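Engineer: after the sequence you'll find the predicted model.
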Amino acid sequence: MPDSRRMRTTIIRAVAGSVLTVAVLTGCSGPAADEQRPDIATLRTAEPASAAPPSPAGRERPVIRPDEGREEFDRYVAVWQECLFGRGVPRVPKGDKPQLDGHETATAECEHLYPENWMEREARTNPEYTDRLRDTAKCLKAKGHEVTVGGDPVALMYGDNTSANKAYDDEQECQRTAFREDIKKYDGG
């Protein structure tokens, strides 16, 4: 018995190996591409993806997080300017704005590099932005500031620049409170 089992196992392995070999060879030895029949379904590999870079229009701009400041903004602006200069926009002294008139193509190709602050991103993407802004205004009013929500685009509105300047620190605190859940996505840590 043991010998017959061993022999059966050997025969089964030999047959399975032969079947596998035939299957592999058959799969590799099909007709040439120009001789293939359209009535027979075949597996074809996809064409390689385009080597062209992704469209700048679909890219998100970098965000200045709540814990970042002027230094980070300036770093992003320098990257944006280098993009412009590399596409033919004349260089300008540090601190000056590039002259973009007549350079629409360069402007369009580099616009995704110009930073936005986290509140600008919220204004564009958060459907609850106006409600959060109203909560910010309530907080500011509780601290004694005269403020409303309105305009196009919607924003906090003060009576004058002096009132806005006096409210600056309280506004930052009230924004962080009103947007506390949304702000988590900008956490730098």
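Structural biologist: On my side now, so go ahead. Numbering: from 1, shown residues only.

Engineer: C-alpha only now, for contacts and for neighbours.
Structural biologist: Fine.

Engineer: find the residue closest to Cys174 in space, skipping its chain neighbours.
Structural biologist: Take Cys174 and drop its neighbours on the chain: the residue closest to it by CA to CA, 6 or more residues apart in numbering is Thr136, 5.1 Å away.

Engineer: quick one: the one you found and Ala178 touch, right?
Structural biologist: Yes - using CA atoms under 8 Å, Thr136 makes contact with Ala178 at a distance of 5.5 Å.

Engineer: between those two, which one's more packed in?
Structural biologist: Legend: neighbour count by other CA atoms under 10 Å for Thr136 and Ala178, higher for Thr136 (26 against 20).

Engineer: got the contact list for the helix or strand encompassing that one?
Structural biologist: Applying DSSP states H and E as the criterion places Thr136 in helix 129-142. Residues from elsewhere that reach helix 129-142 (CA atoms under 8 Å, 6 or more residues apart in numbering): 122-123, 146-149, 154-156, 167, 170-171, 174-175, 177-179.

Engineer: weed out the non-buried ones from these.
Structural biologist: 122-123, 146-149, 155-156, 167, 170-171, 174-175, 178-179 (16 or more other CA atoms under 10 Å).

Engineer: tell me which of those residues fall in strands.
Structural biologist: If you go by DSSP state E, the buried ones among the contacts of helix 129-142 have 147-149, 155-156 in strands.

Engineer: including pLDDT and distance to Arg75, could those go into a markdown table?
Structural biologist: A markdown table is the format used below for those (pLDDT from 0 to 100; distance: CA to CA, whole Å):
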| residue | pLDDT | distance to Arg75 |
| --- | --- | --- |
| Val147 | 97 | 33 |
| Thr148 | 96 | 33 |
| Val149 | 96 | 32 |
| Ala155 | 95 | 27 |
| Leu156 | 96 | 28 |
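
Engineer: and the two most separated of these?
Structural biologist: Spatially, the most separated pair among those is Val147 and Ala155, at 10.1 Å (CA to CA).

Engineer: for Gly186, what are its contacts?
Structural biologist: You called it Gly, but residue 186 is Tyr. 65-66, 118.

Engineer: mind running it again at 10 Å?
Structural biologist: 63-67, 118 (CA atoms under 10 Å, 6 or more residues apart in numbering).

Engineer: so which of the buried ones among the contacts of helix 129-142 comes closest to Thr105?
Structural biologist: Nearest to Thr105 among these is Ala123, at 26.6 Å by CA to CA.

Engineer: how close does the closest residue to the closest one other than its chain neighbours get to Gln175?
Structural biologist: Excluding its sequence neighbours, the residue lying closest to Ala123 (CA to CA, 6+ apart) is Tyr129, at 5.8 Å. In this view, Tyr129 and Gln175 are 11 Å apart by CA to CA, to the nearest Å.
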